[in-house]
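Novice: Give me a model of this one.
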Amino acid sequence: MSGGIESDRGRYPSNPMTVPLYFRFRTPVYGRGFAADVHIRGRITCVEEYGATCIYGVNPGGLAAGGEDMNSACLDFKSGLAATLFDLAEDADTFDEFKAAANDFIAATDEESVAEWERARSGIRAGTTPASFLRS
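Specialist: Numbers count the residues shown, from 1 in each chain. Prediction:
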């Protein structure tokens with residue numbers, strides 16, 4: 001058959017590989033009458049699917065990013081994280097308001113994300129996640 005719609009079935013793995021990662025992030029943030037040096041230690045899942053890499057925040061939850069490879073996805077995640085912190089600082093009238101909002105954002109997660117991260121960590125420990133993905 002020529003022309004028509006082609007299927008992606010078989011082109012990508014049916015079970016995307018999920019890798020649990022810890023990350024550290026640090027950035028200065030400036031608000032109304034305050035400056036803060038924000039340090040974050042959190043957890044993310046990195047998923048290779050459909051020819052791209054997606055990063056999903058566990059702590060902080062509610063933040064996702066993507067790119068052609070792990071490096072570009074990480075840059076997108078960091079950019080989104082910084083933009084969120086800058087927005088929180090802009091909305092805060094005081095440092096204490098910013099600190100509370102930033103801490104709430106960083107601590108936010110959901111049970112599904114935590115469970116997925118734990119399953120992926122178990123896969124690493126069991127040796128079922130190919131090490132080649134970890135080196136990219």
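
Novice: Would you mind listing where the protein has pLDDT under the threshold?
Specialist: Scanning the chain for pLDDT under 70 picks out the ranges 1-16, 130-136.

Novice: which outside residues touch stretch 73-92?
Specialist: Applying Cβ atoms under 8 Å, 6 or more residues apart in numbering, the contact partners of stretch 73-92 are 25, 27, 29-32, 34, 36, 38, 40, 44, 46, 52-55, 57, 60, 63-67, 98, 101-102, 105. In short, each C-beta sits where N, CA and C put it, glycine included.

Novice: Pull out the buried residues from the longest helix seen in the chain.
Specialist: Criterion DSSP state H: the longest helix present in the chain is helix 70-91. Under the neighbour-count criterion of 16 or more other Cβ atoms under 10 Å, helix 70-91 has 70, 73-74, 76-77, 81, 84-85, 88-89 buried.

Novice: all strands for this structure, in order.
Specialist: 17-31, 34-49, 52-59, 61-67 (DSSP state E).

Novice: Next, format these as a markdown table and append mean neighbour count and distance to Glu118.
Specialist: Converted to a markdown table, the strands of the chain look like this (neighbours: other Cβ atoms under 10 Å; distance: least, Cβ to Cβ, whole Å):
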| stretch | mean neighbour count | distance to Glu118 |
| --- | --- | --- |
| strand 17-31 | 16 | 8 |
| strand 34-49 | 17 | 10 |
| strand 52-59 | 21 | 9 |
| strand 61-67 | 17 | 14 |
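
Novice: In contact with Glu116, which residues?
Specialist: By Cβ under 8 Å, 6+ apart, the neighbours of Glu116 are 18, 45, 56, 58.

Novice: Out of these, which comes closest to Asp93?
Specialist: Lowest distance from Asp93 to the contacts of Glu116 (Cβ to Cβ) belongs to Val58, with 29.9 Å.

Novice: got a list of what that closest one touches?
Specialist: 42-45, 109, 113-114, 116-117.

Novice: do that again at 10 Å, thanks
Specialist: Val58 makes contact with 20-23, 42-45, 108-110, 112-118, 120, according to Cβ atoms under 10 Å, 6 or more residues apart in numbering.

Novice: what is it paired to in the beta sheet?
Specialist: Beta-bridge partners recorded for Val58 (DSSP bridges): Gly61.

Novice: Thank you kindly, that will do.
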